[in-house]
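Chemist: This is a predicted model, with the sequence first.
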Amino acid sequence: MNSYGMQAKAHWQRWLPTRYASLSDPDSHFTELGRQVETRIGELTMELAGPDQPSEGYLKKVGRLNNARARATEIVLRESVLLDPEPETQDLAEEPDSEEKSPGPASAPLLTDWIPVVEEPSDPYWSQLREQSS
């Protein structure tokens, strides 16, 4: 089973449990699905990349092909592997509201979000940490 088949299997087990349970032989199903996805990504990559350009240099061609492969992978995975979750698993996808979420880039970092690389006792972090724990 290739990586696409393993990704599909893990996704289906988590988000499509009823559909997964209905498979008589999951391993062969996902092995075949992985092959189909790999083939489809290759075909779509060539379609999206288009023909070589006469004045295109090596690096531009590599960039064009890599971009086409990334786009093709995203499209095919969405169509065949990462299917929408079953309704009963929808509530698992929602993040619970908690204060443990990391702050956004605009907010000030919490003192517990990082640890200095060098543990220097004179670093202001340690005095702030001591004050917090008191």
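Modeler: Yep, that arrived. Residues are numbered from 1 along each chain as shown.

Chemist: Now whichever helix in the chain runs longest: buried residues?
Modeler: In the chain, with assignment by DSSP state H, the single longest helix is helix 26-49. For helix 26-49, a neighbour-count test (16 or more other Cβ atoms under 10 Å) marks 26, 29-31, 33-34, 37-38, 40-41, 44-45, 48-49 as buried. Where C-beta positions appear, they are placed from N, C-alpha and C, glycine not excepted.

Chemist: With stretch 126-134 instead?
Modeler: Within stretch 126-134, no residue counts as buried by 16+ other Cβ under 10 Å.

Chemist: I'd like the average pLDDT over it.
Modeler: Averaged across stretch 126-134, pLDDT comes to 77.

Chemist: could you dump that stretch to PDB, C-alpha only?
Modeler: The C-alpha trace of stretch 126-134 is given here as PDB (Å, rounded to 0.1, in the frame of the first residue of the first chain):
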ATOM      1  CA  TRP A 126      13.500  33.000  35.300                       C
ATOM      2  CA  SER A 127      12.600  35.900  37.600                       C
ATOM      3  CA  GLN A 128       9.200  36.300  35.900                       C
ATOM      4  CA  LEU A 129       8.700  32.500  36.100                       C
ATOM      5  CA  ARG A 130       9.500  32.600  39.800                       C
ATOM      6  CA  GLU A 131       7.000  35.400  40.300                       C
ATOM      7  CA  GLN A 132       4.300  33.500  38.400                       C
ATOM      8  CA  SER A 133       4.700  30.400  40.500                       C
ATOM      9  CA  SER A 134       4.600  32.200  43.800                       C
END
